[in-house]
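K.L.:
Here is a sequence together with a model predicted from it:
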Amino acid sequence: MKELVYLIYAAVFFYAAAVFFMIMQKKRGAVFSISAGFIVYTAFIALRGGLSGFFTTYGIFEGVFFMPWVMDFIVLFLSAYSEDKEDILTAVIPLFCFSLFAAFYPKGIIPPTPNKLTIWADLFFITEPFGHACFYLGGWYAALSIVKKRKTADYHSLLVWGFVFFSISQVTGAVWAFLGWGSPFRWGARHFQSAVIWCYYAAYLHIRFLKGWTDLRKMLYAASGAVVVALCTFGSHLKEMGFPRIGG
């Protein structure tokens, strides 16, 4: 347990250092710090797989902890293939914020029930954080574009990929729910929140073709989407903080 705490604190430290290097306009230092944070954070989530006494992927893919790892992966991937690394690397700011939240979140895992030990649950817990990370990053780059009054990154592609990943999570989640609870949909806040997110971005993919929607309105809608995702997910995270956990 102590190793987990030290690792996630170290990752947060590296992300904070990356923010500092970005402020000082030291791109190499920022890339190094983000990369170091990624390595340490990878070790952190890998070790979470054994918190229940036997290895299970349920410990690795918990959204609060897995999503910052996904966000770091995407930022590093984009920076490796982008000519404008400075704009891409600014996403270390939300990355630092989400990892800091994870650092103060209960480190243990909710005891896995038999209906969670299935490939469908794994697929859901993997693809949903990928979708959330793309939505957050797309919203960040859209907001940055508004501030700088120019397109800073391809936020649209991130939102499209986010919609793809999130749609896959809804399908796999429905299959998992049917196998585990006998119904693909439940009249609960968690499912309604997912429906809100999906409908929001489905609307984005359509309204952007309307004649009255200027680039600025599209960016405002994309940036607001990050707020929508946060409002629909953090309530569940805060609720789960009080659940009994193994290993912390």
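P.N.:
Yep, it's here.

K.L.:
Centroid-wise, who is the farthest residue in this structure?
P.N.:
In terms of distance from the mean C-alpha position of the chain, Lys211 ranks first, at 31.9 Å (C-alpha atoms, centre = their mean).

K.L.:
Tell me the spacing between it and Arg217.
P.N.:
Lys211 sits 11 Å away from Arg217, going by C-beta to C-beta, to the nearest Å. Bear in mind the C-beta positions are built from the backbone N, C-alpha and C, glycine included.

K.L.:
swap in Leu89?
P.N.:
Distance of Leu89 to Arg217, computed by C-beta to C-beta: 27 Å.

K.L.:
Among those two, which residue is more densely surrounded?
P.N.:
Leu89 (24 against 13; other C-beta atoms under 10 Å).

K.L.:
Now do the buried residues in stretch 96-116.
P.N.:
Neighbour counts over stretch 96-116 (16 or more other C-beta atoms under 10 Å) mark 96, 98-103, 105, 107-110, 112, 116 as buried.

K.L.:
go on, stretch 131-144?
P.N.:
For stretch 131-144, using 16+ other C-beta under 10 Å, the buried residues are 131-144.

K.L.:
Mind giving me the packing neighbours of the strand or helix carrying Gly37?
P.N.:
Assigned by DSSP states H and E, Gly37 belongs to helix 27-48. Identification of packing neighbours for helix 27-48 by 3 or more C-beta pairs under 8 Å, 6 or more residues apart in numbering; DSSP states H and E yields helix 2-23, helix 63-81, helix 85-89, helix 92-103.

K.L.:
can you tell me which of these comes nearest to Glu240?
P.N.:
helix 63-81 (8.1 Å; C-beta to C-beta).

K.L.:
Going by contacts, tell me the helices and strands next to the closest one.
P.N.:
Under the contact definition 3+ C-beta pairs under 8 Å, 6+ apart, helix 63-81 sits against helix 27-48, helix 85-89, helix 92-103, helix 119-148, helix 215-240.

K.L.:
thought His48 was touching Val64?
P.N.:
Let me fix one detail, which is that residue 48 is Arg and not His. No: look at Arg48 against Val64 with C-beta atoms under 8 Å: they stay out of range, at 10.8 Å.

K.L.:
Which of the two has more residues huddled nearby?
P.N.:
For Arg48 and Val64, the more surrounded residue by other C-beta under 10 Å is Arg48, and the numbers stand at 26 against 18.

K.L.:
Tell me how many other residues crowd the nearest residue to that one once chain neighbours are set aside.
P.N.:
Distance criterion C-beta to C-beta, 6 or more residues apart in numbering; nearest residue to Arg48, sequence neighbours excluded, is Gly59 at 4.2 Å. When neighbours are counted by other C-beta under 10 Å, Gly59 registers 23.

K.L.:
For Ala10, see how far away Gly59 is.
P.N.:
Separation of Gly59 from Ala10 (C-beta to C-beta): 19 Å.

K.L.:
any idea how far the helix holding Gly37 is from the chain center?
P.N.:
15 Å (C-alpha atoms, centre = their mean, to the nearest Å).

K.L.:
One more: stretch 173-190?
P.N.:
In terms of C-alpha atoms, centre = their mean, the gap separating the centre of stretch 173-190 from the centre of its chain is 22 Å.

K.L.:
Give me the buried positions along that stretch.
P.N.:
Gly173, Ala174, Val175, Trp176, Ala177, Gly180.

K.L.:
Just the residues contacting it, thanks.
P.N.:
Contacts of stretch 173-190 with the rest of the structure, by C-beta atoms under 8 Å, 6 or more residues apart in numbering, involve Asn115, Lys116, Thr118, Trp120, Ala121, Leu123, Phe124, Glu128, His191, Ser194, Gly235, Ser236.

K.L.:
Restricted to buried residues, select these in ChimeraX.
P.N.:
Buried residues within the contacts of stretch 173-190, by 16+ other C-beta under 10 Å, are selected in ChimeraX with:
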select :116,120,121,123,124,128,191,194
